[in-house]
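# let's see this in three dimensions:
(3 chains)
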Amino acid sequence: MLRLGVARLSEHLMLVTSRIMRPDDANIVGNVHGGTILKMIEEAGCIIGTRHCNTQKGDRCVAALARVERTDFLYPMFIGEVAHVSAEISYTSRHSVEVQVNVMSENILTGSRKVTNKAMLWYVPLSLQNVDRIIDVPPIEYADPDQEELGKKRYEAQKFERMETRERNGEVIVPVSVPERQTKEPYTVGFSQSSLIHLVGPSDCTLHGFVHGGVTMKLMDEVAGIVAARHCKTNIVTASVDAINFHRKIKKGCVITVSGRMTFTSNKSMEIEVFVDVDPLVEAEKGKYRAVTAFFTYISLDKDNKPLPVPPLKLEDEEEQKRFEEGKARYLQSKTKRLAEKEQNQ
Amino acid sequence: MLRLGVARLSEHLMLVTSRIMRPDDANIVGNVHGGTILKMIEEAGCIIGTRHCNTQKGDRCVAALARVERTDFLYPMFIGEVAHVSAEISYTSRHSVEVQVNVMSENILTGSRKVTNKAMLWYVPLSLQNVDRIIDVPPIEYADPDQEELGKKRYEAQKFERMETRERNGEVIVPVSVPERQTKEPYTVGFSQSSLIHLVGPSDCTLHGFVHGGVTMKLMDEVAGIVAARHCKTNIVTASVDAINFHRKIKKGCVITVSGRMTFTSNKSMEIEVFVDVDPLVEAEKGKYRAVTAFFTYISLDKDNKPLPVPPLKLEDEEEQKRFEEGKARYLQSKTKRLAEKEQNQ
Amino acid sequence: MLRLGVARLSEHLMLVTSRIMRPDDANIVGNVHGGTILKMIEEAGCIIGTRHCNTQKGDRCVAALARVERTDFLYPMFIGEVAHVSAEISYTSRHSVEVQVNVMSENILTGSRKVTNKAMLWYVPLSLQNVDRIIDVPPIEYADPDQEELGKKRYEAQKFERMETRERNGEVIVPVSVPERQTKEPYTVGFSQSSLIHLVGPSDCTLHGFVHGGVTMKLMDEVAGIVAARHCKTNIVTASVDAINFHRKIKKGCVITVSGRMTFTSNKSMEIEVFVDVDPLVEAEKGKYRAVTAFFTYISLDKDNKPLPVPPLKLEDEEEQKRFEEGKARYLQSKTKRLAEKEQNQ
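Numbers count the residues shown, from 1 in each chain, chains lettered A, B, ... in the order given. Next comes the predicted model:
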């Protein structure tokens, strides 16, 4: 059924895959995200690279992406169009595989087709038995000697560049934008505080085009969980969420920043305060605003799901001290309430 | 608990739904995220609230979440278990609907069942014709007067608390962790710089348990796109990605921080530098490291997908000036290369 | 680049697509859900059907799934394998397109390949301008007259069956949904019956804003799987799906309730009847309706993927007895058919 017009021998050297572009793949005006396309390109490359490197005896392996050459997005792609991704192995060195991937968009309503991307990826086969071992790559046959020669040149050029960036990376480890956190001492508020941004997509929204409350809560729990894990370095789970009020709506296309910081620790629990800030991006005149805040309580579990002690929070200033006291008051109040309910039920 | 023994009349006031918990719903040891459960709870509440508020003539509407009462997670839930969510309307005021939701976990292999959550949500029906209009809620019938009386008390208690937090929210707009950006001037590097965190889940990974390169690239493009949109406030699309080298693997369960900052603007394009930093969380002894960096080029489009001018980047220090010059060199180099290729093809 | 070994003319009549199976596509022991495969099959069919029906002048259209013939799952597929889906138009009538889809699993570590499914789907092109208008289908050319003759026979057979089920659907509207099940005895119908709800989001839909048939089938398989697991408490997999007719469209924003109940057990298999009921929520005046029904057959597997005996279904009333007998008839009929085909192939 896979009637590819090539010799059976080399059939495993190519792959074609197709998918309809959906609202979640695109921005609000319908342009498919470059990231969606890059992900499809890499999936095709990974399949074909892994397949090829397992056509020999010895360790089974997975092709790991080592490098992507410069990629141009020649034309925009739109929701409802079909993306056809075709991948082909174009060169092999002893330890690496070069895969050439072309992406074509097809409008199945008008029949128009356009090549939107041409990408070149380099993969390295890692053994499944020992992930630090790079295995040998089976050689491919070339249609003519020129093809091999050109591939070799590309191989050497990219090898040189990879070496160079490795050094450069080693050099500049200047933290970007955020992480003051990195300089902080463990168990301080600053050490574990975290934030994420999320671009509101169509599947996050109601028929009105406003974010479902449940989507917001899921993101809040995600940040709170990362704060708790950074503090404890163990398996952590949500124990409770305080009442949350949704005062302001969040519209499709906005960017949400969700930030969390630890406010209080008891022997066996942590309280994390979470903020949701909204940046309307395109409708910039509306300005940024805070949409929701809430307190999440987490506990830390051992391998048998039994609670572990939580390292105490190190407070560094009066603000943190004040928030800690407020957290303690909430903790004691809910403890009292729980005990009262328990008695009532007996 | 699942009080379904009621007259057919009120059947639309309740809802039961079930879903198997999947790997992506849980953390690496198999505990389902609290956020996954909160999202299911809210979806059930939204459906039942929307359904009820549309059982009358007049504007069609969607129930928007206004408040969730404190929620406890009584037992952990695991991958492979079935979550049963049952929702019931328990009270209605003139403009709001109270929904009670219970969550039960069922291990379908052993047959064991546990109530894991009880949640109470408040919804407000917003008109689809005019999203700022709250419509009237059709009243429900109560089995006995006490039920209505208790509901009214809950309604008033939450109303009071919501009022209070609205004021409190107005008061405290203290930026958390990150946003120095908020104080920055438009078109500066600091104004548009952005970062997101992502907890690596099973579906992001290869058979080795390492992140697919394509998943990383998709996150990088997402951040770059947010930086570009913050700078331009228009529809922006990826034009190209410079070569990316993947020097270090990223393991399942890690937290990835992806940060982006604008480095260069030409008349019609922007260059954004993106960094991927990895925090192994649980294997903290391994330390944090930078896994990938890359340059993304974006363009800004008008309604007809024609390129728009890009506002020039305002540089504030020597570091930014230096990066701008480097970006300019890359821009000119790729322009020269493009022209050379064009000539060659003619 | 799409070097398919066929005349350019008929190139648009086929499509090959490939995807790696991820953890979320499978159950906890790693078997890919039948529903995941059904969804991929339908996506391929929709692309090829839509593309073909737009190769003429006049209204643009989308191919809507009208029917899937009985589908057998010949071998299980596993996480990490690549699913190759190839679709080809095999017959066209004036208003419908028959698409034949084959699914092959490839283990890219061992190189082993297996045909896991062969499916036959019928599509009807609906105008994008007026969704209630079925447009004419451009005829295809056949390699030989026999091919056309056989296609015509299949067309008439399915047309007759679709008519018949339309009437049957009107008759039986017994709601399953409700978990009185909790008080039920193991192995009864009531014990394992299950239902889920799904709010139809944008990525579930075609350009018309109607649910893809594949999305519906995936949900149906999910419920059937829960029913089977509750009954057996073992690892269960989809063995086959009886022909499914899609009589009514389902719109974005609707709530779908998918319910399943066991109807029949043989020594090594179970039959589950699945209902899809639609609640338009916002357009409540349209009323609820049943969109689809189908029979799924499941088998129970041990750790080595060998079939296990299935506990016999305990029948509690005449209705259940009657459904059991009907299920038995279907079981014997398909067994006879299978044996006949086997003999023919020898």
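# where's residue A:271, which helix or strand?
Per DSSP states H and E: residue A:271 is located in strand A:270-279.
# any part of that strand near chain B?
Yes. With Cβ under 8 Å from any Cβ of the partner chain as the measure, strand A:270-279 is seen reaching chain B through A:275, A:277, A:279. The C-beta positions use only the backbone N, C-alpha and C, and glycine is treated the same way.
# pretty sure the second one is touching residue A:292, no?
No. Using Cβ atoms under 8 Å, residue A:277 makes no contact with residue A:292, being 9.2 Å away.
# ok so, going back, so for the very next helix or strand once past the strand holding residue A:271, mean pLDDT?
Going down the chain from strand A:270-279, the next helix or strand is strand A:289-301, by DSSP H and E. On average, the pLDDT along strand A:289-301 is 92.
# one more: stretch A:203-219?
Across stretch A:203-219, pLDDT averages out at 87.
# list the residues that contact residue A:42.
Residue A:42 makes contacts with A:65, A:68, A:121, B:212-214, B:217, as judged by Cβ atoms under 8 Å, 6 or more residues apart in numbering or on different chains.
# helix or strand: which one has it?
Element membership for residue A:42 (DSSP H and E) is helix A:34-53.
# after that helix, which helix or strand is next?
Later in the chain than helix A:34-53, the nearest helix or strand by DSSP H and E is strand A:61-68.
# name the helices or strands packed onto whatever helix or strand comes next after that next one?
Proceeding N to C from strand A:61-68, the next assigned helix or strand is strand A:71-73, under DSSP H and E. Packed against strand A:71-73, as judged by 3 or more Cβ pairs under 8 Å, 6 or more residues apart in numbering or on different chains; DSSP states H and E, are the following elements: helix A:34-53, strand A:113-127, strand B:235-241.
# quick check: buried residues in strand A:71-73?
Buried residues in strand A:71-73, counting neighbours by 16 or more other Cβ atoms under 10 Å in any protein chain shown, are found at A:71, A:73.
# repeat that for stretch A:263-279.
In stretch A:263-279, counting by 16+ other Cβ under 10 Å, buried: A:263-266, A:269-279.
# nearest to residue B:286 among those residues?
Of all these, residue B:286 sits closest to residue A:270, with 23.1 Å by Cβ to Cβ.
# thought the closest one was touching residue A:230?
No. If you go by Cβ under 8 Å, residue A:270 and residue A:230 don't touch, sitting 10.7 Å apart.
# tell me the secondary structure for residue A:312?
coil (DSSP: H, G, I helix; E, B strand; the rest coil).
# contacting residues for the closest residue to it other than its chain neighbours?
For residue A:312, ignoring the flanking residues on the chain, the nearest one in space by Cβ to Cβ, 6 or more residues apart in numbering or on different chains is residue A:265 at 5.4 Å. By Cβ under 8 Å, 6+ apart, the residues touching residue A:265 are A:231, A:271, A:310-313.
# for the helix or strand encompassing residue A:327, buried residues please.
Using DSSP H and E, the element containing residue A:327 is helix A:318-345. Neighbour counts over helix A:318-345 (16+ other Cβ under 10 Å) mark A:320, A:323-324, A:327, A:330-331 as buried.
# pLDDT on that helix, on average?
For helix A:318-345, mean pLDDT rounds to 90.
# sorry, back to before: ok, the residue nearest to residue A:312 to residue B:197 distance?
Applying Cβ to Cβ, to the nearest Å, the value for residue A:265 to residue B:197 is 22 Å.
# least trustworthy helix or strand in chain A by mean pLDDT?
The helix or strand of chain A with the poorest confidence is helix A:8-11; it has a mean of 48 (mean pLDDT, DSSP states H and E).
# what residues does the stretch 151-300 of chain A put near chain C?
So the stretch 151-300 of chain A meets chain C at A:202-203, A:207 (Cβ under 8 Å from any Cβ).
# neighbouring strands for the helix or strand residue A:85 falls within, and are they parallel or not?
Here residue A:85 sits within strand A:82-92, counting by DSSP H and E. Using DSSP bridges, strand A:82-92 pairs in its sheet with strand A:14-20 (antiparallel), strand A:97-106 (antiparallel).
# any chance of JSON lines for those, columns mean neighbour count?
Shown next, in JSON lines, are the strands paired with strand A:82-92 (neighbours: other Cβ atoms under 10 Å in any protein chain shown):
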{"stretch": "strand A:14-20", "mean neighbour count": "22"}
{"stretch": "strand A:97-106", "mean neighbour count": "23"}
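# possible to save those strands as JSON lines with mean pLDDT?
Compiled in JSON lines, these are given as follows (pLDDT from 0 to 100):
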{"stretch": "strand A:14-20", "mean pLDDT": "87"}
{"stretch": "strand A:97-106", "mean pLDDT": "95"}
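# correct me, but residue A:108 touches residue C:54?
Yes. Counting by Cβ under 8 Å, residue C:54 is a contact partner of residue A:108 at 6.1 Å.
# which of the two has more residues huddled nearby?
The neighbour comparison of residue A:108 against residue C:54 (other Cβ atoms under 10 Å in any protein chain shown) goes to residue A:108, with 27 against 24.
# what's the closest non-adjacent residue to residue A:225?
Nearest non-adjacent residue to residue A:225, counting by Cβ to Cβ, 6+ apart: residue A:236, 6.3 Å away.
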